[in-house]
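Peer 1: Everything below, folded, please.
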Amino acid sequence: MPDLGPLPFPVADIHPGLRGVARTVFEGNRLEDFEVEFLGVLKNAIGPQQDMILARLHGEKVEFTGVVAGMSGSPVYVDGRIVGAISYRLGAFAKEPIAGITPIADMMRAGTASVRPRIASNEGGILGWLERGSADRAAATAPGVAGSDAIPAGAFGNFVPIATPLVCAGCDPGVLDHYAPAFQAFGMHPSSGGGGGSAPDTPPDPSPLKPGEAIGAELASGDLSLAAIGTLTHVDGNKVYAFGHPMAGLGPIDVPMTRADVVVTLASTLGSFKLANTTTPVGAITEDRLTAIVGEVGRKAAVLPMKVRVTSAGGEREFKYDVVRDRTWTPVIAAMTTANSLVRSTEFDAAATVALKSRIVLDGHPEVIYEDLYSGTSPSQPVHIQAANDVGSLIGLLCNNPFEEAVVRSAETKIEILPPSQVATLTSVHTAKGEVRAGEPFKVSAVLSPFRGRDRIVSFDVTLPEDTPPGDVQIFVGGGSAMDNLDRRVIERQASQAKDLDDLLRLVGRQRKSHTLFLRVLRRAPSAIVRSDLLPELPLSVFSVFNNPRLSADSSVMMEAPILEVGRDLDLVATGGRRISVKVK
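Peer 2: Numbers count the residues shown, from 1 in each chain. Just a heads-up that it's a prediction; the model follows:
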């Protein structure tokens, strides 16, 4: 093996025909060398003033496998001096093992960035996709994955970052497939099989890291493990550089870094890849940049302890996880672990009804309690995804709030599996009177049609306030999700006008439950939302002030005001909503 010199090999001295040597692990933890023939330098190929070195790989194994997913970061040397890391491949179906190399100088510049909190909105990102996931509140299947007839990116000669294997152990294949697009969007290739080999409290491995060995970025550990696998490029004191391209391009991060053992390297025409297990912790990854990920040996990354307890007629099971603290990854992994815990319970049925209660402990704020009932009757809306996405979205709201960096100390979710298909659709609403008097009670009846059951009538005794003026009023009856959809504009406006995190958490606490049937009476009247508060039935003089676009930056006006609202808790999930009109004498 080459004697590593203190200075990098200059990119300016790279020329066609120059030979070097690269190092990686194909199996186990045994370092193996293979030859590199340099082809030239592509100017600005990685970014402005960031060149890519092109090389052809030689050797029995690399000529058979080609450039391998998990090889990212394999160091390249000339005369004992490091050139950089194998990090890019020439599209798919390439017949020659031609790779792009990130110069070591560009990789080491990634380590000069300072670690800082990453607090920003995530609109349209992973969190946005999760929020499309809940039943009635927008649950559906995951975004489609390109079929086998799709032409992969880079197939016609573009250099693309070598894919990062994302090995997952203890995960249901259906759950992994559902959340896979969230990781694939960042160039990760999720696969079942590999797992963590150490307990959460295992101290860091003190033995020195060696360039060329496999390392893992552990996004989750415990009863489910999830780790991105790549290769270590260079060690500089307690700082290490790897991959040669971004893991996800998230900037400053704090992710546990582990060693990894490669079980096997599988050859594929579409793209060869490594299957690996993470083993002992060695430190933390602190930067995820364009040209490298940067780690610190001996440092312990902060993780979020999560617990999911599932109870059913067959007993209780408790699952424990340690999840990376990151505004991008924490929400999706929280959802993934919750869904996986439910599916991995023996008594689970995709058409079951589940009662969920989540408790999230924050520094400096009251703990957040979220409860709801979920029921699934359609494969496109599996109940475990509905419940899990609400947990993930709630944690995402905390991680991505615009006010402060919320420090989540722990998250605990209790899920009870109930008899199946406890869901009913609201099919009709009626009242015996077409005209009513203010102050006098009258009855409103709603007909619920349970899934494969007999219709049920739910009645409300309604009394309008005595000061209700004559005229038409609207009566809306619906489940919690239907009411939230009716109020979506109000909710969005209140959220946008929240003044701090506590204000936002109060709005979360007001979210209606899916197992409650609500009745609301409304009438046409000028109203406004001011700094997240609803002001109904305003005098026209006041309403005109809020309706002035030059003066109403913190307000939103409406022409319909609620008179009263009541709810009835049920033992099933109520979906849908109906509206009728009555006249007040």
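Peer 1: Tell me where the model's unsure across this structure.
Peer 2: 1-6, 91-95, 113-157, 193-205, 269-270, 377-380, 421, 525-560 (pLDDT under 70).
Peer 1: Helices of that one, start to end?
Peer 2: Ranges of helices in the chain, per DSSP state H, are 60-65, 104-109, 126-130, 173-184, 329-343, 383-399, 480-486, 488-496, 501-509, 540-546.
Peer 1: Stretch 34-47: which residues count as buried?
Peer 2: Going by neighbour count (16 or more other C-beta atoms under 10 Å), the buried part of stretch 34-47 is Phe34, Val36, Phe38, Leu39, Val41, Ile46. Where C-beta positions appear, they are placed from N, C-alpha and C, glycine not excepted.
Peer 1: ok so, going back, quick one, which of the helices of the chain gets closest to Thr468.
Peer 2: Ranking these by proximity to Thr468 (C-beta to C-beta) places helix 540-546 first, at 18.3 Å.
Peer 1: With respect to Lys433, which of the helices of the chain lies nearest?
Peer 2: Nearest of the helices of the chain (C-beta to C-beta): helix 480-486, 23.7 Å.
Peer 1: Could you measure from Gly237 over to Gly298?
Peer 2: Distance of Gly237 to Gly298, given as C-beta to C-beta, to the nearest Å: 11 Å.
Peer 1: With neighbour numbers in mind, choose between the two.
Peer 2: The neighbour count for Gly237 versus Gly298, taken as other C-beta atoms under 10 Å, is higher for Gly298 (13 against 7).
Peer 1: So what does that one look like in phi/psi?
Peer 2: When read as degrees, to the nearest 10, the backbone of Gly298 gives phi 90, psi -10.
Peer 1: Pretty sure it sits against Val240.
Peer 2: No. Judged on C-beta atoms under 8 Å, Gly298 makes no contact with Val240 at a distance of 10.8 Å.
Peer 1: shared neighbours, these two?
Peer 2: Common contact partners of Gly298 and Val240 (C-beta atoms under 8 Å, 6 or more residues apart in numbering): Gly283.
Peer 1: follow-up on the earlier one: go through the buried residues of stretch 34-47 and name the one nearest Glu367.
Peer 2: Closest approach between these and Glu367, by C-beta to C-beta: Ile46, at 45.5 Å.
Peer 1: Pretty sure Ala214 sits against Gly70.
Peer 2: Yes. Between Ala214 and Gly70 there is a contact under C-beta under 8 Å: 7.0 Å.
Peer 1: what's the overlap in contacts for the two?
Peer 2: Taking C-beta under 8 Å, 6+ apart as the criterion, Ala214 and Gly70 both touch Ile229, Gly230, Thr231, Val262, Lys274, Ala276.
Peer 1: quick one: which of those is nearest Arg409?
Peer 2: Ile229 (29.6 Å).
Peer 1: The residue lying closest to Val361 once chain neighbours are set aside: neighbouring residues, count only.
Peer 2: Distances taken as C-beta to C-beta, 6 or more residues apart in numbering put Arg409 closest to Val361, at 4.4 Å, once the chain neighbours are dropped. By other C-beta under 10 Å, the residues close to Arg409 number 11.
Peer 1: now Ala12
Peer 2: Counted with other C-beta under 10 Å, Ala12 comes out at 8.
Peer 1: what about it, distance to Asp106?
Peer 2: 14 Å.
Peer 1: Likewise for Lys210?
Peer 2: Distance, Lys210 to Asp106, using C-beta to C-beta: 22 Å.
Peer 1: what's around the residue nearest to Ala110 when sequence neighbours are not counted, how many residues?
Peer 2: Leaving aside its sequence neighbours, Ala110 sits nearest to Arg289 (C-beta to C-beta, 6+ apart; 3.7 Å). Residues near Arg289, counting by other C-beta under 10 Å, number 24.
Peer 1: Next, give phi and psi for Arg289.
Peer 2: The phi/psi pair for Arg289 (degrees, to the nearest 10) reads phi -120, psi 180.
Peer 1: list the contacts for it?
Peer 2: Ala110, Ala113, Pro246, Gly249, Gly251.
Peer 1: Next, find the distance separating it from Ala248.
Peer 2: According to C-beta to C-beta, Arg289 stands 11 Å off from Ala248.
Peer 1: Likewise for Thr346?
Peer 2: Taking C-beta to C-beta, one finds Thr346 at 35 Å from Ala248.
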